[in-house]
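S.K.: Sequence and predicted structure, then a few things I'm wondering about:
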2 protein chains.
Amino acid sequence: MDLDFINKLIKPAKTKIVMIVMDGLGGHPIQEKGDTELEKAYTPNLDSLASKSICGLQLPIGSGITPGSGPGHLGIFGYDPINYQVGRGVLAATGIDFKLEPNDVAARGNFCTVDQNGIVNDRRAGRISTEKNQELCKKLCENIDIDGVEVFIETVKEHRFLLVLRGEGLSGELIDTDPQVTGEKPLEPELKSKGFDKTTDIVKSFIQQAGEILKDEHPANMILLRGFSKKPNWPSFPEVFGLRSAAIACYPMYRGLASLIGMELLETGQTVEEEFKTLEENWDNYDFFFLHVKKTDSYGEDGNFDSKVKVIEEVDRLIPKLMDLNPDVIIVTGDHSTPALLKSHSWHPVPLLIYSKQCRPDRVEKFGERDCITGGLGPKLPAVEILPIAMANALRLEKFGA
Amino acid sequence: MDLDFINKLIKPAKTKIVMIVMDGLGGHPIQEKGDTELEKAYTPNLDSLASKSICGLQLPIGSGITPGSGPGHLGIFGYDPINYQVGRGVLAATGIDFKLEPNDVAARGNFCTVDQNGIVNDRRAGRISTEKNQELCKKLCENIDIDGVEVFIETVKEHRFLLVLRGEGLSGELIDTDPQVTGEKPLEPELKSKGFDKTTDIVKSFIQQAGEILKDEHPANMILLRGFSKKPNWPSFPEVFGLRSAAIACYPMYRGLASLIGMELLETGQTVEEEFKTLEENWDNYDFFFLHVKKTDSYGEDGNFDSKVKVIEEVDRLIPKLMDLNPDVIIVTGDHSTPALLKSHSWHPVPLLIYSKQCRPDRVEKFGERDCITGGLGPKLPAVEILPIAMANALRLEKFGA
């Protein structure tokens, strides 16, 4: 089901949809026959909501596929993550709240270490500190000079930085210069189509100047670039679905993703409670709210089962505040699973509930992975189907055909 | 999800995957409210494994579609059986262990009976004995003479034989000469594109000579040909999935299928116990093992419910030997269903379990059709998704996107 198809069916309504995304929500037992994080959490409010909802597990990309944060979110926003791929450069820009302009070319950079022959012997320059990175970015910014192109070099974290080239007629279709292995020289900039154009010359010049500027530094004496890309020109979420849409998220990456598809970004605080407060304050002005909870994922990545449980319980305690607003449709899910057991994103389907007065509830009485298997949405609903179902429940879709 | 997509995500690991295929595993009760063959079988080891696994029913091709052995296996190996079709000629060659060369054209032949006007009145020549078939094949081989082409004629069984033409520039794109009905003449060889080329002349000459040689035989006085095809040039399973892959099967057809996609064939015995022994002996040398059990299907085809149950129980008794090897991922399924009730392959989805330490088990405690319906893999997992899920569980896939 593509966005055009849905777009042709939208009709106006006054209903409101809230999508709560607990990042990395899906989990895994840490002992045989044990509970997952969500099953273990004490969630009377989510359970009560689940009992009035249609439940299931959703599959962000496909069976066995572990999603990155970009594809994970695009899927639940209704954008097929295989057709709508974000370049790493663009993602790095969104991750530090850098506002890309339509012609900008972004790349993700690594500081690295090369020997006297230019051979890479550490692709991450010993994971230098973020402070050192800032110092080096400043030095590069002050000294790089490329005719006709504005160059931005911004610290991301540790050895990682963002490069943005701003100018006319630049191409985003360049190969990575990162050889991906040590013991080799960085690759020469060229187009993916194997040719060269003025962008490849500009990138060559940038790399050559960077090498000069960094040559006496240690260990960060060179740079590697990958994921050259331009801001994609995708259909706008508010237009496709006919929803005045707002994003409530405190991490730049998720704000950036929401912004890429045209959601408005609301100012909010660092806690989940503050995020719910932002929702309340802006209730009248939007039809769709994306509320992002980061720490479920962070604790999953840390392997911290108990703290992930606690974040879920914190969200649960805020559900009554949401119910007080009387939303027409509520979606609760994650962008992917991050089981503490694996300390990483994983391929496991993600718990999902969709509540409305007309959702035709199933027999699920508890919001948890094993309960959701038997829910009405099934054990592997493609994530891109969530938005159409939510739109239907919001009575915002016309019937198809006569 | 295509093979290219998966291939781009593979990463190296030391994990091992074992796929046990009980041919025709899925069954059906023979009386109202009764058990299926698998439900009836006493399978404490498979049940214990199921309780630690994620379970479901898999759909080899699509809803309502009954698979042949070729498509049934290709699906569980991750090859979409609708896109990857094996010609009947090639399948016949694999079925008798005939080693096709890349330019060979294979066809499946039937001995048939024609009247004095060349009208087919028995497409199977009264299902002549295999011995008679051998005698006729020998006679054909000794007498057929076609310039520039090497001709192989090999007995399959009863009225069926294999024809292989070996020469330069032959086409496999010929229509069947078998009219599929009695009361008509065999069809003239022509290309599927309606034209003629040297292959059609060669086949015409072959048929004309065969008619001469067989004219005094009764009832097998003519031949019909179908399924002209060349050995397909498909992606190699070991390369696509990055797995050193071995097949343990005693029937030529399944060895042939595994060999078509590049698995190594291990020497083994005729019993399931010997097959498990082969698995044990070769444990260190491969990452993926396909272990094929034939007799579940054979007894299903015979309508022998009880003997099919016994074969399943025999496999169950060997499961502890498998567990002793400590495999990282275990898949147990079939290539299709063969209910004794129907005495044939059927369209019913096939029981499936996938075990690993990170499979996120569901609530299924028993390996059987009705239990698997409520499993985490759902009641109709497309068979081609089994391998990606197994690869994920073997921690052999990178995440998609950042």
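M.R.: Yes, it's here.
S.K.: Around the residue in the stretch 201-350 of chain A that chain B sits nearest to, how many other residues sit close by?
M.R.: Closest residue of the stretch 201-350 of chain A to chain B, CB to the nearest CB: A:W347 (4.1 Å). No exception for glycine: its C-beta is placed from N, CA and C like everyone else's. A:W347 is flanked by 27 other residues according to other CB atoms under 10 Å in any protein chain shown.
S.K.: for A:L191, same thing?
M.R.: By other CB under 10 Å, 15 other residues sit near A:L191.
S.K.: ok, what's across the strand from it?
M.R.: Going by DSSP bridges, A:L191 is paired in beta bridges with A:L174.
S.K.: Could you check how far it is from A:D178?
M.R.: From A:L191 across to A:D178, the span is 16 Å (CB to CB, to the nearest Å).
S.K.: Same question for A:G376.
M.R.: A:G376 is 46 Å from A:D178, where distance means CB to CB.
S.K.: circling back to that earlier point, nearest residue to the residue of the stretch 201-350 of chain A closest to chain B in space, please, no chain neighbours.
M.R.: Leaving aside its sequence neighbours, A:W347 sits nearest to B:A392 (CB to CB, 6 or more residues apart in numbering or on different chains; 4.1 Å).
S.K.: doesn't A:G62 make contact with that neighbour?
M.R.: No. Applying CB atoms under 8 Å, one finds B:A392 not in contact with A:G62, separated by 10.3 Å.
S.K.: which element is A:I61 on?
M.R.: Per DSSP states H and E: A:I61 is located in neither a helix nor a strand.
S.K.: Just give me the neighbour total for it.
M.R.: Number of residues near A:I61 (other CB under 10 Å) recorded here: 26.
S.K.: Pull the contacting residues for the nearest residue to A:P12 once chain neighbours are set aside.
M.R.: Spatial nearest neighbour of A:P12, excluding adjacent residues (CB to CB, 6+ apart): A:G242 at 6.7 Å. Each residue near A:G242 by CB atoms under 8 Å, 6 or more residues apart in numbering or on different chains is listed here: A:N7, A:I10, A:K11, A:P12, A:R396.
S.K.: do you know how far the nearest residue to the last one once chain neighbours are set aside is from chain B?
M.R.: To tie it back to what came earlier, the one meant is A:R396. Excluding its sequence neighbours, the residue lying closest to A:R396 (CB to CB, 6+ apart) is A:A13, at 4.7 Å. Distance of A:A13 to chain B, given as CB to the nearest CB, to the nearest Å: 33 Å.
S.K.: How about the secondary structure of A:A13?
M.R.: coil (DSSP: H, G, I helix; E, B strand; the rest coil).
S.K.: buried set for stretch A:15-33?
M.R.: Buried residues in stretch A:15-33, defined by neighbour count with 16 or more other CB atoms under 10 Å in any protein chain shown: A:15-30.
S.K.: what about the helices in chain A?
M.R.: For chain A, helices defined by DSSP state H occupy the ranges A:3-9, A:37-40, A:44-51, A:69-76, A:88-95, A:130-143, A:198-214, A:237-241, A:252-260, A:272-281, A:295-302, A:305-324, A:369-373, A:386-393.
S.K.: Make JSON lines out of these and add mean neighbour count.
M.R.: Shown next, in JSON lines, are these (neighbours: other CB atoms under 10 Å in any protein chain shown):
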{"stretch": "helix A:3-9", "mean neighbour count": "14"}
{"stretch": "helix A:37-40", "mean neighbour count": "24"}
{"stretch": "helix A:44-51", "mean neighbour count": "20"}
{"stretch": "helix A:69-76", "mean neighbour count": "27"}
{"stretch": "helix A:88-95", "mean neighbour count": "26"}
{"stretch": "helix A:130-143", "mean neighbour count": "16"}
{"stretch": "helix A:198-214", "mean neighbour count": "18"}
{"stretch": "helix A:237-241", "mean neighbour count": "21"}
{"stretch": "helix A:252-260", "mean neighbour count": "23"}
{"stretch": "helix A:272-281", "mean neighbour count": "18"}
{"stretch": "helix A:295-302", "mean neighbour count": "22"}
{"stretch": "helix A:305-324", "mean neighbour count": "18"}
{"stretch": "helix A:369-373", "mean neighbour count": "25"}
{"stretch": "helix A:386-393", "mean neighbour count": "22"}
